[in-house]
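**Q** Structure, please.
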Amino acid sequence: MSPLSTVLDAIDTANAADPSEENGHPAARLYGERMSAEVDRLFPDASDTLKIAARGQHIERWHLKRADYPEGRTGYLTWRRDLARHHADRVGALMRSAGYSDESIQTVGRMLRKEGLKRDADVQALEDVICFVFLKWYFAAFAAKHSEEKILGIVQKTARKMSAEGRARVLAEFDLPAPLADAFRG
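**A** You can find the predicted model right below:
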């Protein structure tokens, strides 16, 4: 088995323990599979590091519960930072076991911690994939639970995180109402 297959299988095994389910599947594992499918579609020549970062982006996410952090923006940002570190550490350990170099492990860690967003092509590619997965698989359920104002704010934040190429693809691939589509035009 190749080192890439070894790491992806190890991530899937870890995520199979997610107590949350979606469509009868562990939610984190399903999310990882969706991330991999979008990497393959958006970046057909993706490096191993991008493929690993995408699959492991939510590895064992349930281990750090949002409810264990204070309410509000500061608590939310602390939770997200701690999750990113956990994901990077966990995936890095799996990569090390599969024989990946320290440089590759550091690259994946940077991607998972989103260090260099808008400046690092690998980090930006992962972020674009994350945004596509959100829009394709999770946005409708999110929108059903929130006000139009909150939805517009989230879409604007999503668009700001994406590359110009990613935003253009969103406009080409999704039929968004005008106010939401406008967020991707800027």
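
**Q** Touching, Gly56 and Leu112? I think so.
**A** Yes: using CB atoms under 8 Å, Gly56 is in contact with Leu112, at 6.9 Å. No exception for glycine: its C-beta is placed from N, CA and C like everyone else's.

**Q** shared neighbours of these two, anything?
**A** Among the neighbours of Gly56, those also in contact with Leu112 (CB atoms under 8 Å, 6 or more residues apart in numbering) are His87, Val91.

**Q** Where do the helices of the protein begin and end?
**A** All helices of the chain, identified by DSSP state H, fall at 3-15, 27-42, 48-56, 72-97, 102-113, 121-133, 139-145, 148-161, 164-173, 178-185.

**Q** okay if I get the ones you listed as CSV plus mean neighbour count and distance to Glu21?
**A** Listed next are those as CSV, based on neighbours: other CB atoms under 10 Å; distance: least, CB to CB, whole Å:
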stretch, mean neighbour count, distance to Glu21
helix 3-15, 18, 12
helix 27-42, 19, 6
helix 48-56, 25, 19
helix 72-97, 16, 20
helix 102-113, 19, 24
helix 121-133, 21, 18
helix 139-145, 12, 14
helix 148-161, 16, 24
helix 164-173, 15, 28
helix 178-185, 15, 29
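
**Q** Among those, which comes closest to Trp62?
**A** Comparison of the helices of the chain against Trp62 by CB to CB identifies helix 27-42 as nearest, at 6.9 Å.

**Q** ok and that closest one relative to helix 121-133, angle-wise?
**A** Here the directions of helix 27-42 and helix 121-133 differ by 110 degrees (axes from the mean of the first three to the mean of the last three CA atoms, to 10 degrees).

**Q** What is helix 27-42 packed up against?
**A** Counting contacts by 3 or more CB pairs under 8 Å, 6 or more residues apart in numbering; DSSP states H and E, helix 27-42 is packed against helix 3-15, helix 48-56, helix 121-133.

**Q** residue ranges with poor pLDDT in the protein?
**A** Of all residues in the chain, those with pLDDT under 70 make up the ranges 186.

**Q** Residue nearest the middle of it, spatially speaking?
**A** Nearest to the geometric centre of the chain sits Ile130, at 3.9 Å (CA atoms, centre = their mean).

**Q** What distance do you get for Lys161 to Asp18?
**A** 25 Å (CB to CB, to the nearest Å).

**Q** what's the answer for Met1, then?
**A** Computed as CB to CB, the Met1 to Asp18 distance reads 23 Å.

**Q** So which of those two has more stuff around it?
**A** Using other CB atoms under 10 Å as the criterion, Met1 and Asp18 rank with Asp18 on top: 22 against 8.

**Q** from memory the more buried one sits against Pro26, does it?
**A** Yes: with contacts counted by CB under 8 Å, Asp18 reaches Pro26, the gap being 3.9 Å.

**Q** circling back: distance to Lys65 for the helices of the chain - can I get that in TSV?
**A** Below are the helices of the chain laid out as TSV (distance: least, CB to CB, whole Å):
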stretch	distance to Lys65
helix 3-15	16
helix 27-42	13
helix 48-56	19
helix 72-97	8
helix 102-113	19
helix 121-133	21
helix 139-145	19
helix 148-161	21
helix 164-173	30
helix 178-185	30
